[in-house]
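**Q** how would this look folded up:
(one chain, ligands or ions: 1)
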Amino acid sequence: MTHSFLRDMPTALACAAAVLTSFSAAAQDYPLPGKTISFVLPYAPGGPTDKAARDLAQAMSKALGGQSIVVDNAPGASGSIGVAKLAKASNDGYVLLFTHIAQATLPSFFRNLPYNVEKDFEYLGLVSENPMNVIGRPTLPANTLPELVSWINANKGKISIGNAGPGSASHLCGMLFQTTLKVDMTSIPYKGTAPAMTDLIGGQIDLMCDQTTTTIAQIEGKRVKSFAVTTPARLSSPALKDTPTLQEAGFKDFSVTIWQGLYAPKGTPAAVLKKLNDALKAAVKDPEFVRKQEAGGASVITDNRVEAGGHKAFVLSEMAKWAPVIKSAGVYAD
Ligand code: ASP
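**A** Coordinates of the predicted model:
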């Protein structure tokens, strides 16, 4: 046995060397013209995360000389299905993940996640930050936040709130809203907030908390009512400037901001990661990308979180920040 192992060793070493050479040659040639890069997007098409991913795909495609980048929606189980898909994808730089704060909150909600946030990903950089907006169906009797609070208190046990599943941005925001008010609402999970928005507009659900990047158009079209924003200061967008902050309405310390970032599977070659990170940094400075994010009330990130180290440190700090808040709410998913 030992003898044949030693006899085969030179061949094995030669094979390993050939694999390594072709691997690093592939990394140098990355991205191959004509080969498509896909962003796995763990929520339904048409929602805020999907919208931000499509804007980023366009800006990064420009930075990579016209490389084709598509968004691959893989929704379900609060987004964990899409994240797990990326964790198992081939690490050649052609399959990436675009997701938001759920990267840090899902581990506290789910007892068994099929991936490890700390170990299974390469961190490519954060892209943008986004306020949330408490909105209601157009037929809701309340028009202001104090009226909404009175209506909620008068209808305890009968109120429904839509979200993208436990641990999603909308769920986190809605959960904090309920714990602050000390009211339990019926949580209605969807595969993303785009289908939840359709039901809110149609009056099938009462409330939702969603990113301003998709609420603004609905408020302008008078299809939903806007009650509050989750930032410490009011927003300047014409559709939201008259909407109070939750803090100003007495919801002490209420502040939720949703961040979004890009990831690659663990073990993606360093040369590929560098090219992707360079393209990401060019994208966050692209005037068209910046304009689109700001029009939706979001801000583009340009600090050290656009680098792998800063991105990963921030995600881990967010995991630590939200874990006790989520645990004390006692909401779990399997
Ligand atoms: N806004 C969603 C969330 O609540 C996800 C989505 O973009 O559909 O997490």
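**Q** in the chain, which spans are strands?
**A** Here the chain has its strands, by DSSP state E, at 37-41, 69-73, 95-99, 121-136, 160-163, 186-189, 207-211, 225-229, 257-265, 299-300.
**Q** What are the contacting residues of the first one?
**A** With CB atoms under 8 Å, 6 or more residues apart in numbering as the contact definition, strand 37-41 has outside contacts at 31, 49-50, 53, 56-57, 64, 67-75, 82-83, 85-86, 89, 93-99, 262. Bear in mind the C-beta positions are built from the backbone N, C-alpha and C, glycine included.
**Q** Buried subset of these as a PyMOL selection?
**A** Selecting only the buried entries of the contacts of strand 37-41 in PyMOL, with 16 or more other CB atoms under 10 Å as the criterion:
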select buried, resi 31+49+50+53+56+57+64+67+69+71+72+73+74+75+82+83+85+86+89+93+94+95+96+97+98+99+262
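**Q** now, which of the contacts of strand 37-41 lie close to the ligand?
**A** 49-50 (CB under 6 Å from any ligand atom).
**Q** and among the strands of the chain, the most buried is which?
**A** strand 207-211 (a mean of 28; mean count of other CB atoms under 10 Å).
**Q** That one - contacts with which helices or strands?
**A** helix 48-63, strand 121-136, strand 160-163, helix 169-181, helix 193-201 (3 or more CB pairs under 8 Å, 6 or more residues apart in numbering; DSSP states H and E).
**Q** Next to the ligand, which bits of the stretch 1-150 of the chain? Give me the list.
**A** 43-44, 47-50.
**Q** Out of those, which two sit at the greatest distance?
**A** 44 and 48 (10.7 Å; CB to CB).
**Q** Please identify the buried residues of stretch 163-177?
**A** Buried-residue list, stretch 163-177, by 16+ other CB under 10 Å: 163-177.
**Q** Sorry, wrong one. I was asking about stretch 104-120.
**A** Applying 16+ other CB under 10 Å to stretch 104-120 flags 104-110, 113, 115, 117, 120 as buried.
**Q** could those be laid out in TSV, adding pLDDT?
**A** Below are the buried residues of stretch 104-120 laid out as TSV (pLDDT from 0 to 100):
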residue	pLDDT
104	97
105	96
106	95
107	94
108	93
109	91
110	91
113	94
115	96
117	97
120	96
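**Q** ok, those vs residue 328, which is closest?
**A** Of those, the one sitting nearest to residue 328 (CB to CB) turns out to be residue 108, at 10.4 Å.
**Q** tell me the contacts of that closest one?
**A** Here residue 108 is in contact with 167, 319, 322-323, 326-327 (CB under 8 Å, 6+ apart).
**Q** still on that earlier bit, please render the strands of the chain as JSON lines that adds mean pLDDT to the earlier fields.
**A** Formatted as JSON lines, the strands of the chain follow (pLDDT from 0 to 100):
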{"stretch": "strand 37-41", "mean pLDDT": "98"}
{"stretch": "strand 69-73", "mean pLDDT": "98"}
{"stretch": "strand 95-99", "mean pLDDT": "98"}
{"stretch": "strand 121-136", "mean pLDDT": "98"}
{"stretch": "strand 160-163", "mean pLDDT": "98"}
{"stretch": "strand 186-189", "mean pLDDT": "96"}
{"stretch": "strand 207-211", "mean pLDDT": "98"}
{"stretch": "strand 225-229", "mean pLDDT": "98"}
{"stretch": "strand 257-265", "mean pLDDT": "97"}
{"stretch": "strand 299-300", "mean pLDDT": "96"}
